[in-house]
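Engineer: Let me see the structure of the following:
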Amino acid sequence: MPPPPPAPRVLYLFGTAAFPVLGIRTVIEQAQAAGWDVCLGLTSTAADWLAPDIPALTELTGHLVKARYRRPGEPDLLPAPDAILFGPATFNSINSLAQGLTSSWVVGYTAEALGKGVPVAVLPCVNDALAAHPQYPRSLATLREAGARVLLPTPDLPWSQALVEVGGP
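Structural biologist: Next comes the predicted model:
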């Protein structure tokens, strides 16, 4: 009897409150078509924006859509990730991640994943005025130093390239 096929690789797709998060379903479908088992994580504001779509996104991924830390004693229901695609990533989330300020689950989990060597791609979605702030390039440099692949939009977020950067199947 032949061995069973390998389980799909697990991608954590993390979104923040930037306009492209409204199209996250398409990114999930693209990642699934590339062979990923996708788990969606959102900041609380992004989860609020997508609240009407959460049941459909849960059904699409087959996993709970997560937007908060677990309570003490709560089981972790998501499989461990093989990679994280953090996008769209806002100015606040990028700076928080670079500085280790983990007030949101998606930022905290990504910070920990970088420390564990999990492949991470970050897709910033920042307007020109915030990109001109002196902290922004420092934060991008810190994320690169930590091992994250930072992919700047040109003019759209490069979702396909990000999937390749994290080792897409």
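Engineer: Am I right that residue 80 is in contact with residue 10?
Structural biologist: Yes - at 6.6 Å, residue 80 counts as touching residue 10 under the criterion of C-beta atoms under 8 Å. C-beta coordinates here come from the backbone N, C-alpha and C atoms, glycine included.
Engineer: okay, these two: which has more neighbours?
Structural biologist: More crowded of residue 80 and residue 10, by other C-beta atoms under 10 Å: residue 10, with 17 against 11.
Engineer: ok, what's across the strand from the more buried one?
Structural biologist: Taking DSSP bridges, one finds residue 37 as the beta-bridge partners of residue 10.
Engineer: got a list of what it touches?
Structural biologist: 36, 37, 38, 39, 79, 80, 81, 82, 83 (C-beta atoms under 8 Å, 6 or more residues apart in numbering).
Engineer: From the residues you listed, pick the one nearest residue 60.
Structural biologist: Nearest to residue 60 among these is residue 38, at 8.1 Å by C-beta to C-beta.
Engineer: For that closest one, give me the pLDDT.
Structural biologist: pLDDT recorded at residue 38 is 98.
Engineer: in the chain, which spans are helices?
Structural biologist: Listed in chain order, the helices of the chain (DSSP state H) span residues 24-33, 44-49, 54-61, 91-99, 105-116, 128-131, 135-145, 159-165.
Engineer: Ok, which of the ones you listed comes nearest residue 69?
Structural biologist: Taking C-beta to C-beta as the criterion, residue 69 comes closest to helix 105-116 out of these, the separation being 5.0 Å.
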